[in-house]
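Student: Sequence below, structure please.
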Amino acid sequence: MRTPPFVSAILLLQFIPLLIFPPGSLTGAPVLIGLVAVFFVFMGILALRGSAWALTMSLFCQGMNVIVRLMMLFPNALSAEGAFNTAFVTAMLLGVAISTWLLFRLDRPDVRKALLA
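Tutor: Numbers count the residues shown, from 1 in each chain. Next up is the predicted model:
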């Protein structure tokens, strides 16, 4: 069975919500960003080839991303001076929204069947 192009794009671009952080917070880690991107593209390729563990690992990482971002959101929503940190809150909520959408999309039975058939 052929994998739909939309699912292929999702699997190959699943590293994006993991790297959404406020501007300036990832400037000192270009190597880490590259490693994360390569790792998730590799997992996406393996999932497209029918590897059940790669799909499960992708779902696990997206779920952990949601949990960790929600845990980071409330303690860091206010800066040390008491001002609302708009960039941080926006980045966290955007990352949670995209990861949640990926979780629901990749865990659908038709997508699983297309990938693992």
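Student: only C-alpha atoms for contact and neighbour calcs from this point on.
Tutor: Fine.
Student: Where does the prediction get shaky in the chain?
Tutor: 1-2, 117 (pLDDT under 70).
Student: so how far is Arg112 from Gly34?
Tutor: In this view, Gly34 and Arg112 are 28 Å apart by Cα to Cα, to the nearest Å.
Student: same question, Met64
Tutor: Met64 sits at a distance of 20 Å from Arg112 (criterion: Cα to Cα).
Student: Likewise for Leu32?
Tutor: Distance from Leu32 to Arg112, counting by Cα to Cα: 30 Å.
Student: since we're on Gly24, how many residues are nearby?
Tutor: Using other Cα atoms under 10 Å, Gly24 is surrounded by 7 other residues.
Student: Could you verify that it is part of a strand?
Tutor: No - counting by DSSP: H, G, I helix; E, B strand; the rest coil, Gly24 falls outside a strand, being coil.
Student: if I look at it, how far off is Phe15?
Tutor: In terms of Cα to Cα, Gly24 sits 19 Å off from Phe15.
Student: go on, Ile67?
Tutor: 16 Å.
Student: Does the residue of the chain most remote from its centre fall in a helix, a strand, or a coil region?
Tutor: Distance from the C-alpha centroid of the chain, by Cα atoms, centre = their mean, peaks at Glu81 (30.7 Å). The three-state assignment at Glu81 reads coil, by three-state DSSP.
Student: By residue count, which helix of this protein is the longest?
Tutor: helix 52-76 (DSSP state H).
Student: Next, the buried residues of that helix.
Tutor: Along helix 52-76, these residues count as buried under the neighbour rule (16 or more other Cα atoms under 10 Å): 52, 54-55, 58-59, 61-63, 65-66, 69-70, 73.
Student: if we can go back for a sec, Gly34 and Arg112: which is more packed in?
Tutor: Ranked by neighbour count (other Cα under 10 Å), Gly34 and Arg112 place Arg112 first, with 16 against 10.
Student: Now that one: closest residue in space, sequence neighbours ignored.
Tutor: Leu106 (7.0 Å; Cα to Cα, 6 or more residues apart in numbering).
Student: Can you verify my assumption that that neighbour contacts Leu59?
Tutor: Yes - assessed by Cα atoms under 8 Å, Leu106 is found in contact with Leu59 at 7.4 Å.
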